[in-house]
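Asker: output the structure for:
(2 chains)
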Amino acid sequence: MNNNSKSGSGVLSRLLRSQIVIPLAALLLLIIFNLIFDPSFFVITPKTNSAGNPVLSGYLITILDYGSELAILAIGMTLVTAASGGQDISVGATIAICGSALLRVLCGANSRPDQLQAPIIVGFLVACIVGMICGAFNGVLVAYFKIQPMVATLILFTAGRSIAAWINNNELPIVPDPKYAYFGGFIPGIPVPAPVFIAAICIIVIFLVLKFTTLGLYTQAVGINPSSSRLNGLNPELVKFISFVILGLCVAVAALIKTSRLSTINYSVIAKDIEMDAILAVALGGNPLGGGKFNMWASIIGAYVIQFLTTTLYKFKVSSDALSAYKAVVVIVLVVFSAPTVREWIGSKFKKLTGKKGVA
Amino acid sequence: MGNEVLKMRGIDKVFPGVRALQNVDFTLCKGEIHALMGENGAGKSTLIKVLTGVYPKDGGDIFLGENLEPVTIKSPQDAQNQGISTVYQEITLCPNLSVAENMFIGRQKGSIQNWKKMNEAAGAILNELTIPAKPTQQLASCSIAVQQMVAIARAVDMDCKVLILDEPTSSLDEQEVEKLFKLMRDLKAKGVGIIFVTHFLDQVYEVCDKITVLRDGQLVGEYEIKDLPRVQLVSKMLGKELDDMSDIKSENATYEKKEGETPVFTAKNLSSTEAVHPFDFHINKGEVNGFTGLLGSGRSECVRAIFGADRNLSGEKTKDGKQVKISKPIDAMKKGIAYLPEDRKVDGIVGDLSVRDNIVLAYQVLKGALHPFSKAEAYKFADEYIKLLDIKTASADTPIKSLSGGNQQKVILARWLLTHPDYLILDEPTRGIDVGTKVDIQKLVLKLASEGMAVTFISSETDEMLRTCSRLIVMRDRHVVGELTGDDLNQNKIMSTIAGGEKNE
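Answerer: Numbering: from 1, shown residues only, chains lettered A, B, ... in the order given. All right, here's what the predicted structure looks like:
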């Protein structure tokens, strides 16, 4: 028994030191909070939606659904953070650009077409290219012109939504084909929201990429010590550039989901402040915002934790104006508890506690 | 005697898995320069860090001055307030602030800073210590040596009773070391107790009064300098009789140039952005040669130009007789050239990554981004080299930054050996590492050469160069000023060539 508890605390202390414990602990807290105050939070009920399809409904489904864009963006943001030691704050604005380009292709010059002017896949590919161009623009400024990432991405942050509006002559195109709504809603016959699958595909792709290429090692090496990386034959500028391009691709996917949810676009509102949530997801995952080591799982879980938090606040009828203030309080707590010094302190207290137990 | 300024008794410090210090005693008297000696990982740095409040101690007492009550030192700031100042091996100042700001940072009493007064005060101190820097100059624009001296000036000015110098000389050249020693003697005369941590035996015997030797976290003993001959000191540090180092050279005597052999590497009229005067260079299979000269003479810049680490401005290179283009490090690596850089911390290690990742990094880059090593392969490589080079690390997953300097260096060496180069460039591979490891590295160099590898070796210690190299290229003011082989390979000849007595350009 004694032996057992010892090995148990060994696993626990190892887990405590691991990065992934931070988002998991936050998730656990949120779950406990909801269990205490309203267990109905976790109820999932089968329903039939307006289109007559059987769908699952419940807060957990909402979290998985609306957390998708955030999780996808967290993938790219994690890489950008690790490689460049900074964050891309233009994500929301570039979603507007990609979404606008996507709708421009689908709807053509006329903003109220009767049918699609191009297949959805073509529109999506164009959005991907536009996203990668935006990423490349940021990447060049950061990697080759050595501009601070936040300052470099401030350009698109400021100009992005205007560019998005300009692409469609400031009109709000509406996609006529109901199939387009599948990407942000439900595919007929499948009760789980489609964005969940899109996010799952993105997550699988990034893990395959990390497994079958050296992206992870290179990104971390460049983020930790660019000078040493160069002497080891790496091209630090290229690695940073690529991380921004990958984020651009993630943005394009997020833009597809976002525009699909409404089948239209609102330039000034779409994906507003989503960059902050994405950065927060990376931070919540315990990844150093100064670059270097990263843990992709932790970031992705972090993204869902943030969506969990947002949904919980909505559930408790926090008005959308006050939402940010509540969120900020929770964020402060989360970030303080994930700070290395605080974790160390907790770890030592924890050790003392278990030590005393052992004596008693 | 009653004039102790510092007594440490029974100090213990435990890190996860390691007992870094066990029951260590240390005593420092007024006006004494006390060397703290030991191999890497012997516990010197840990003892210093316990003393300066960086680490809390796990046992034992620290007494300051005549006090019978032990003190607790909670933080480096606290240590400073109690009169313990430290100058670390790596400069810990702010490079983008001015010299004066660096000297006074964190010490203002009020919130209002009188810049003029501060600059004047800084100027006076710099003058007194004859440090060639202006108070208003940006620190980064000073040489490393001057930055080090500014750090010392800062420490000295804080009315310290105990001054700790942790490897202050490792980046200084001889004249600068002399200046530093003068400074240390002056301070000693003023009654400051100085703890001097260094790997340079010569310096210990030149300037110190007492030696305390640590080994594996335990106290070996405290000795008067006159009672402890060098050989004994070294054997006490290692805990065994040292191999006779003069033997090494005889192994090297086996290198003889074969007539008509194609050199492994040649460079003609090579120059780079780092302002090295164009130079010619060649090296043969199995040869060990070296660049020597004073600090800043262009030794490192030459090899960096060869490796493509700095952009080349002119020159042609051949590898195995074929013309090659090497404009960036990856080109050189593909041609079988490896380069262990001078500044381990900035150019060598990737601090937060594990020992394993650090070892496989270069080989992985060489293999390409689409062919990652599996975890098992990487572990196999790492374990192989950890064993081969006797790297002391808790595991292959330990972050490299938590290793001691010598072991970090071995990891970098492992990284390059793993790429199986046929031309290996080692720039100061033994800087700041202990005698035992130094000898290991020298032996390894000679062994590699005997197996046919060409090696270029750079060291600030001429002894070491003489032991390993069969040909020395002498540099002065960024020019190659001579080449020494055979009987010319001796201290006097090198000195006179560096000084520019007889050999002309």
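Asker: please report how far the residue lying closest to residue A:64 once chain neighbours are set aside lies from residue A:342.
Answerer: Nearest residue to residue A:64 in three dimensions, chain neighbours excluded: residue A:196, at 5.0 Å (Cβ to Cβ, 6 or more residues apart in numbering or on different chains). Any C-beta I mention is one placed from the backbone N, CA and C, and that applies to glycine too. With the distance defined as Cβ to Cβ, to the nearest Å, residue A:196 ends up 34 Å from residue A:342.
Asker: who has more neighbours out of those two?
Answerer: A direct count of neighbours by other Cβ atoms under 10 Å in any protein chain shown for residue A:196 and residue A:342 places residue A:196 higher, at 16 against 12.
Asker: next secondary structure after the strand or helix carrying that one?
Answerer: For residue A:196, the enclosing helix or strand under DSSP states H and E is helix A:194-212. Per DSSP H and E, the first helix or strand lying C-terminal to helix A:194-212 is helix A:215-224.
Asker: ok, residues contacting that next one?
Answerer: If you take Cβ atoms under 8 Å, 6 or more residues apart in numbering or on different chains as the criterion, helix A:215-224 is touched by A:79, A:81-85, A:209-210, A:228-229, A:232, A:234, A:236, A:239-240, A:242-243, A:291-294, A:296, B:350-353, B:357, B:361, B:364-365, B:369, B:372.
Asker: how much space between the residue nearest to residue A:64 and chain B?
Answerer: Going from residue A:196 to chain B by Cβ to the nearest Cβ, to the nearest Å gives 29 Å.
Asker: contact partners for that residue?
Answerer: Residues near residue A:196 by Cβ under 8 Å, 6+ apart: A:64, A:65, A:68.
Asker: what's the burial count for the second one?
Answerer: Applying the criterion other Cβ under 10 Å, we find 23 residues in the vicinity of residue A:65.
Asker: and which of the contacts of residue A:196 is nearest residue A:48?
Answerer: Relative to residue A:48, the closest of the contacts of residue A:196 is residue A:65; by Cβ to Cβ it sits at 17.0 Å.
Asker: wait, the closest one touches residue A:191, no?
Answerer: No. The criterion here is Cβ atoms under 8 Å, and residue A:65 misses it with residue A:191 at 11.8 Å.
Asker: keep only those of the contacts of helix A:215-224 that are in helices.
Answerer: Members of the contacts of helix A:215-224 lying in helices (criterion: DSSP state H): A:79, A:81-84, A:209-210, A:228-229, A:236, A:239-240, A:242-243, A:296, B:357, B:361, B:364-365.
Asker: generate a ChimeraX selection restricted to the buried entries among the residues you listed.
Answerer: Typed into ChimeraX, the line below selects the buried ones among the ones in helices among the contacts of helix A:215-224, using 16 or more other Cβ atoms under 10 Å in any protein chain shown:
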select /A:79,81,82,83,84,210,228,229,236,239,240,242,243,296 /B:357,361,364,365
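Asker: in stretch B:321-340, what counts as buried?
Answerer: B:326, B:328-333, B:335-340.
Asker: bridge partners for residue B:457, pull those for me.
Answerer: With DSSP bridges as the criterion, residue B:457 is bridged to residue B:290, residue B:426.
Asker: near it, how many other residues are there?
Answerer: Per other Cβ under 10 Å, the neighbour tally for residue B:457 reads 29.
Asker: residues contacting it?
Answerer: B:288, B:289, B:290, B:426, B:429, B:445, B:465, B:468, B:469.
Asker: among those, which two are most distant?
Answerer: Between any two of the contacts of residue B:457, the greatest separation by Cβ to Cβ is 14.6 Å, found for B:289 and B:429.
Asker: state the pLDDT value of the closest residue to residue B:86 other than its chain neighbours.
Answerer: In space, and not counting its chain neighbours, residue B:86 is closest to residue B:164: 4.3 Å by Cβ to Cβ, 6+ apart. Residue B:164 carries a pLDDT score of 90 in this model.
Asker: which of the contacts of residue B:457 sits closest to chain A?
Answerer: Nearest to chain A among the contacts of residue B:457 is residue B:426, at 13.3 Å by Cβ to the nearest Cβ.
Asker: need the contact list for the closest one.
Answerer: Here residue B:426 is in contact with B:340, B:413, B:441, B:445, B:455, B:456, B:457, B:458 (criterion: Cβ under 8 Å, 6+ apart).
Asker: residue B:299 now?
Answerer: B:291, B:292, B:293, B:427, B:458, B:475.
Asker: redo that, cut-off 6 Å
Answerer: By Cβ atoms under 6 Å, 6 or more residues apart in numbering or on different chains, the contact list for residue B:299 reads B:291, B:293, B:458, B:475.
Asker: which one is it nearest to, not counting chain neighbours?
Answerer: With Cβ to Cβ, 6+ apart as the criterion, residue B:299 has its nearest non-adjacent residue at 4.0 Å, and that residue is residue B:291.
Asker: was I right to think that neighbour contacts residue B:459?
Answerer: No. With contact defined as Cβ atoms under 6 Å, residue B:291 and residue B:459 do not form a contacting pair (9.4 Å).
Asker: what is the burial count for residue A:179?
Answerer: Other residues close to residue A:179 by other Cβ under 10 Å number 13.
Asker: part of a strand, is residue A:46?
Answerer: Yes. Residue A:46: assigned to a strand according to DSSP: H, G, I helix; E, B strand; the rest coil.
Asker: that one bridge partners, please.
Answerer: Here residue A:46, judged by DSSP bridges, has bridge partners residue A:56.
Asker: any idea how far residue B:407 is from whichever residue of the stretch 1-150 of chain B sits closest to chain A?
Answerer: Across the stretch 1-150 of chain B, the shortest distance to chain A (Cβ to the nearest Cβ) belongs to residue B:16, at 9.7 Å. According to Cβ to Cβ, residue B:16 and residue B:407 sit 17 Å apart.
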